[in-house]
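Trainee: task: produce atomic coordinates for the following.
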Amino acid sequence: MEKGLDSVIKGGGYREAGNVAFSACQSTSKSYKQHEAWIYDKILVNDGNSYNKATGTFTAPSGGIYVFTWATLTQPGKAAHPYLRVNGHYKGFTAFNNTRTSQSVWSSGSNTIVVRLKKGDKVDVASGYLAAYARENFSSFSGWKIY
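Mentor: Numbers count the residues shown, from 1 in each chain. The predicted structure follows:
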């Protein structure tokens, strides 16, 4: 406790060995093909350095229970079906589609999932159903280890 408190007082923030958490968003609006991994390249937090902003992939540094959350905003006339993948297999789902409406409606969606991972498991978000369009800053991906 004293070591952690000393770190906060000195301005280094509180980081204990083994803690894993990341949060990132898109710096620009992007279109994605079906099954293409989404790239969240604006890092907000990357404790444990397990999130790769170039690939959009989180790699579990150790086994355990993890929480992942993702949110997306798409504009009128566009669709998004961001699905969470673990080792290429879809585990969590979100979908919204504005392609068949004449209204100027912005759509957003989000989801949170708890998964058990093994060391080295890969987690990302990909377009699961259709090509997708995601707006900058409003589209994010985060995760952290519970235990």
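Trainee: lowest average confidence, helix or strand, in the protein?
Mentor: Of all helical and strand segments in the chain, the minimum by mean pLDDT, DSSP states H and E falls on helix 2-9, at a mean of 43.
Trainee: and the following helix or strand past it, what does it pack onto?
Mentor: Sequence-wise, the next helix or strand downstream of helix 2-9 (DSSP states H and E) is strand 21-25. Using 3 or more CB pairs under 8 Å, 6 or more residues apart in numbering; DSSP states H and E as the contact test, the elements touching strand 21-25 are strand 42-47, strand 140-145. C-beta coordinates here come from the backbone N, C-alpha and C atoms, glycine included.
Trainee: residue 33: which of those is closest?
Mentor: strand 140-145 (17.8 Å; CB to CB).
Trainee: which strands and helices sit next to that closest one?
Mentor: Going by 3+ CB pairs under 8 Å, 6+ apart, strand 140-145 lies up against strand 21-25, strand 64-74.
Trainee: touching, residue 121 and residue 87? I think so.
Mentor: Yes - with contact defined as CB atoms under 8 Å, residue 121 and residue 87 form a contacting pair (5.7 Å).
Trainee: those two - which one has more neighbours?
Mentor: For residue 121 versus residue 87, neighbours defined as other CB atoms under 10 Å are more numerous around residue 121 (15 against 12).
Trainee: now the closest residue to the more buried one other than its chain neighbours: how far from residue 88?
Mentor: Ranked by CB to CB, 6 or more residues apart in numbering and with sequence neighbours excluded, the top spatial neighbour of residue 121 is residue 60, at 4.5 Å. Between residue 60 and residue 88 the distance is 14 Å, computed by CB to CB, to the nearest Å.
Trainee: who has more neighbours out of these two?
Mentor: Between residue 60 and residue 88, counted using other CB under 10 Å, the more crowded position is residue 60 (22 against 10).
Trainee: show me the contacts for the more buried one.
Mentor: 20, 50, 66, 117, 118, 119, 120, 121, 122, 123, 145 (CB atoms under 8 Å, 6 or more residues apart in numbering).
Trainee: filter those residues to the buried ones?
Mentor: Neighbour-count burial within these applies to 20, 50, 66, 117, 122, 123, 145; the criterion is 16 or more other CB atoms under 10 Å.
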